Every structure is written in structure tokens, then in C-alpha cells.
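Asker: need coordinates for the following:
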Amino acid sequence: MLSTQENLPVGDNFRHDELCTLCREGKVFEVDDWFKAGHRPLIKPPHWHKWPMGIAIENRNHSLVEVLLRNGIPADEKVLMKAVKHRRPDMIKMMIKYGADINSIPFRKVVEAGNPDVVQIFFDRGADLFKDYPFYRGLIFETKIWLSFYKRYQPKHPDLQIQLDMALRKGVEKESLKIVSLLMWAGANPRNPVIIPDDKLTYPMTALEAAASQGNTEIIMILKPDPKKDDFNDLMCQSISKCDFRLVQFWEGMGADMNHSKDGTYPGHEAVIEALWMASSFSKLSEHYDAFPASDLARTWFASGAKWPIQNEDEIRKVRTCLNELDSYRLRDFIELLLDNEVIPPNILKSVANTPTVKKKIPDLAVFIKEYVESKRRRRFGGAPYTYLQSEMK
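Answerer: Residues are numbered from 1 along each chain as shown. Presented below is the predicted three-dimensional model:
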């Protein structure tokens, strides 16, 4: 019967230190004689540098490891994990002969050690291909090595595809052109909504959506967006959070429309308003937060042909929330922006902006909007009637 850590006789500090010294010096035969003399190590060494098996593994002394195992040092999970971390497939095979259980350590730790020969040992002995997403982790840590494993095992285990797609999304978020390119070559699906393991805040998202949110156009093109398969308007909305109008122009060049309507709402306009609201909120919490990119995006967006006949209650609520958050100067500036570019009909804007918070900042809101409309009419048309701006403002 093999010895275990529990049934080994208790050693003493002096003799244990003697054994550690012999191990450190690599004296294999002397270590064997030490055990034959009836000495035994401490069951629980006080420190890692007084752990004989750890010393032997770190010194890459295969023969010494075998002597320790033969003399009753157990091939437990601690010993096995040490050999895995030091990438010693030869020692791991020997430990298995002495009773090591590959299931005693998490396979993800084996994956993260990054040695293909060690991984293969665990695969050959029935390591779980799905628990803890080993292929996802391997494809991120050692992409080329794990692609060979994936190609070998995927035909018999087609469900491994989801781990490939997870790795693709993670590669996108890491902005790694190499990982993304290799995984696309391997057949990853950029349109499969997946989570990111270990990320508590994650929610299902496709790699394309993640790329749009990152705003990396080079990676977006590697993912091969297709107007027959992808909604470029939705992807444009994902990109708006980056507050870079060049991304808007990129998606418009692909066929997106800033004025697209979906179920009676205007997602693009809502996304811009939300970005402006968040920037205004954060700038109040921290003086170091720069709200200018969001303000600049809103100014450019609404000056580039945006039309928003707000009719949906949820949209009204979002606009009101944003207006309430702006300070007096930015509030006036934003309302002028909307009026200047005829984004929202004045009568609707007056109704939407009619909140107690806005009135505190602009007490004469109705007068302000009416006078601004009249001023704009005179500037642009020399006093000639202008139906859109005058609608219901009499």
C-alpha cells in the first residue's frame, strides 16, 4: 500500500533539515540511505524551502523525485501541481505511476501552465474538455498550441465551438490582432453571443458587438461584417460609447443611417443622449473626468442631419434625464444646438424640457425657445415665414 502524508511517521526538525540539505545538493543515493536509516521528514514543513519534494522538482532532479516517491512521500495534489507549474511531463507521468490523481487539481491550472506535453498527459487520461472552459483559456494563453488541440478534438466534440467563440470575443477585448486573426482562420463565429468566463459583470455579446464597442475598425474588418448578416445600425450604436464621430462615419460608410428608426424609437439618438448624460454625471463626480468628447460627439452628431420626432415615452424620459443633468450653460447650448439644426420640433422640445429642474436653470424656458426660434428665422430667412421652426410656437 502506498504511503500517504497522514500515515508517515513524524520526523524531527534536525533530521528534516538534513534531508533538505541533501536534496538541495542533489545527493540522490544519500537521500535514499537517509530513508533506509529509518528517518522520516516532517509531515508539514514550516516553509516551502524546507519541502524536500519541492526542492527536487525545482532542481529538475528526476531521480531524486523518484527516490522520494519510492520512500513514501505521497504524490498528492500539492506535488502534482508543483510539477505542472514547472512543466515537467516526465515527473508527472512518474507521479501518476505512484498514485497521483489528475483530477485532484483544476485542469484550468494545467492549461495556464502552458506546456502542451503536460496538457496532453491530462487529455490522454480523460481530463474534462468543458468544465471551466479549458479551450477558451488555452486559446487566449497559447493560441497556436491550443488551435492544434482544438482541430484535433473539435470534430468529435462540436460543442467546443462555443469556447472558440468565447476566445474570439476575449481576443477582441484584448485588441489582439494576432489572436483574432488566428481564431477567425480556425472558424470562430463572430456573431455568436457568448459570455466571458470569470467576468462577473459579463453578459452575452458577439465578438462583432465587442469590436464595435471597442471602436477598433481594423479588428472589425477582420471579423468580416456582412450587410446580409449584420445590423450596421445596431453596431454603430455600440460604437457611440467611444464618443468618436469617426466611428459613426465608418459605419455610415458601411451603410448605417443615424436616423434609423426601430419599433418607433431612434436608437442612435438615444445612444448619443445617454453618452452625454453619463459624461455629465461623471464630470460632477470627478474633476478629472473629461466630458468634452461626449459633448463634441453630440454637437457633431446633431449637426450632421439628425432628425428626432420624439414620440416614445421612454425616449422622452431619457432626454429629460440628460437635460436635467446638464449645467445651465451646457443646457442652453444644447437646446440651441437642437434648434439650430432642426433636430427636434420646437413644440416637442418645449414639452420635453418642461421639467422643474430645467426651469430652475432656465426660468424663462418657453420665452427662451420662442425668442431663439424667431432669431433663427430672421437670421436665415430675413423675416420670411419658416413653418418648421414656427410650428406651435405662436
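
Asker: toward the C-terminus, what is the element adjacent to the helix or strand hosting Val358?
Answerer: Using DSSP states H and E, Val358 sits within helix 356-361. The C-terminal neighbour of helix 356-361 among helices and strands, as given by DSSP H and E, is helix 365-381.

Asker: by contact count, what packs against that next one?
Answerer: Secondary-structure packing of helix 365-381 (3 or more Cβ pairs under 8 Å, 6 or more residues apart in numbering; DSSP states H and E): helix 328-340, helix 346-352, helix 387-390. C-beta coordinates here come from the backbone N, C-alpha and C atoms, glycine included.

Asker: do you know which of these lies nearest Arg379?
Answerer: Smallest distance to Arg379 across the helices and strands packed on helix 365-381 (Cβ to Cβ): 9.9 Å, for helix 328-340.

Asker: okay, the angle between that closest one and helix 365-381?
Answerer: Angle between the axes of helix 328-340 and helix 365-381 is 50 degrees (criterion: axes from the mean of the first three to the mean of the last three Cα atoms, to 10 degrees).

Asker: please begin residue numbering at 43 from this point
Answerer: Renumbered: residue one is now 43, and that last one reads helix 370-382.

Asker: which ones are touching the nearest residue to Leu202 once chain neighbours are set aside?
Answerer: Sequence neighbours aside, Gln196 is the residue nearest to Leu202 in space, at 4.8 Å (criterion: Cβ to Cβ, 6 or more residues apart in numbering). Counting by Cβ atoms under 8 Å, 6 or more residues apart in numbering, Gln196 makes contact with 202-203, 206.

Asker: quote the end-to-end distance of stretch 277-288.
Answerer: Its start and end residues considered, stretch 277-288 measures 14 Å (Cα to Cα, to the nearest Å).

Asker: need the contact partners of that stretch.
Answerer: By Cβ under 8 Å, 6+ apart, stretch 277-288 touches 250-251, 254-257, 262, 267, 289-290, 292-294, 298, 300, 309-310, 313-314, 317, 321, 335-336, 338-339, 342-343, 346.

Asker: quick one: buried ones out of those residues?
Answerer: Neighbour counting by 16 or more other Cβ atoms under 10 Å classes 250-251, 254-257, 262, 267, 289-290, 292-294, 298, 300, 309-310, 313-314, 317, 321, 336, 339, 342-343 among the contacts of stretch 277-288 as buried.

Asker: quick one on the thing from earlier: mind listing what's buried along the helix holding Val400?
Answerer: 400, 403.

Asker: report all helices and strands that that helix contacts.
Answerer: Here helix 398-403 touches helix 355-367, helix 370-382, going by 3+ Cβ pairs under 8 Å, 6+ apart.

Asker: now that helix, how far from the centre of its chain.
Answerer: With Cα atoms, centre = their mean, to the nearest Å as the basis, helix 398-403 stands 40 Å off its chain's centre.

Asker: name the residues that touch that helix?
Answerer: 362, 365-366, 368-370, 373, 407.

Asker: hey, C-alpha coordinates of that helix in CSV?
Answerer: What follows is helix 398-403 as a C-alpha-only set of coordinates in CSV (Å, rounded to 0.1, in the frame of the first residue of the first chain):
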residue,chain,number,x,y,z
PRO,A,398,-38.8,71.6,-12.6
THR,A,399,-35.0,71.0,-12.8
VAL,A,400,-34.7,72.6,-16.2
LYS,A,401,-36.9,75.5,-15.2
LYS,A,402,-34.6,76.3,-12.3
LYS,A,403,-31.7,76.6,-14.7
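
Asker: just to revisit the earlier point, quick check: pLDDT value at the residue nearest to Leu202.
Answerer: Listed pLDDT for Gln196 reads 94.

Asker: also the one 5 residues further on?
Answerer: The model reports Asp201 with a pLDDT of 96.

Asker: contact partners for it?
Answerer: Phe172.

Asker: what do you get for Ala117?
Answerer: Ala117 sits in contact with 111, 137-138, 140-142, where contact means Cβ under 8 Å, 6+ apart.

Asker: can you flag the buried ones in those?
Answerer: Of the contacts of Ala117, these count as buried by 16+ other Cβ under 10 Å: 111, 137, 140, 142.

Asker: name the nearest of these relative to Tyr245.
Answerer: Distances from Tyr245 to those, taken by Cβ to Cβ, are shortest for Ala142, at 39.4 Å.

Asker: could you check how far that closest one is from Gly310?
Answerer: 59 Å (Cβ to Cβ, to the nearest Å).

Asker: domains of this protein?
Answerer: Taking automatic domain parsing as the domain assignment, the ranges for the chain are 170-272, 304-436.

Asker: look up how far Arg112 lies from Gly68.
Answerer: Separation of Gly68 from Arg112 (Cβ to Cβ): 17 Å.

Asker: neighbour-wise, which of those two wins?
Answerer: Neighbours per residue, other Cβ atoms under 10 Å: of Gly68 and Arg112, the larger number sits with Gly68, 15 against 11.

Asker: for the nearest residue to the more buried one once chain neighbours are set aside, give me its contacts.
Answerer: Nearest non-adjacent residue to Gly68, counting by Cβ to Cβ, 6+ apart: Asn103, 5.6 Å away. By Cβ under 8 Å, 6+ apart, Asn103 lies in contact with 65, 68, 70.
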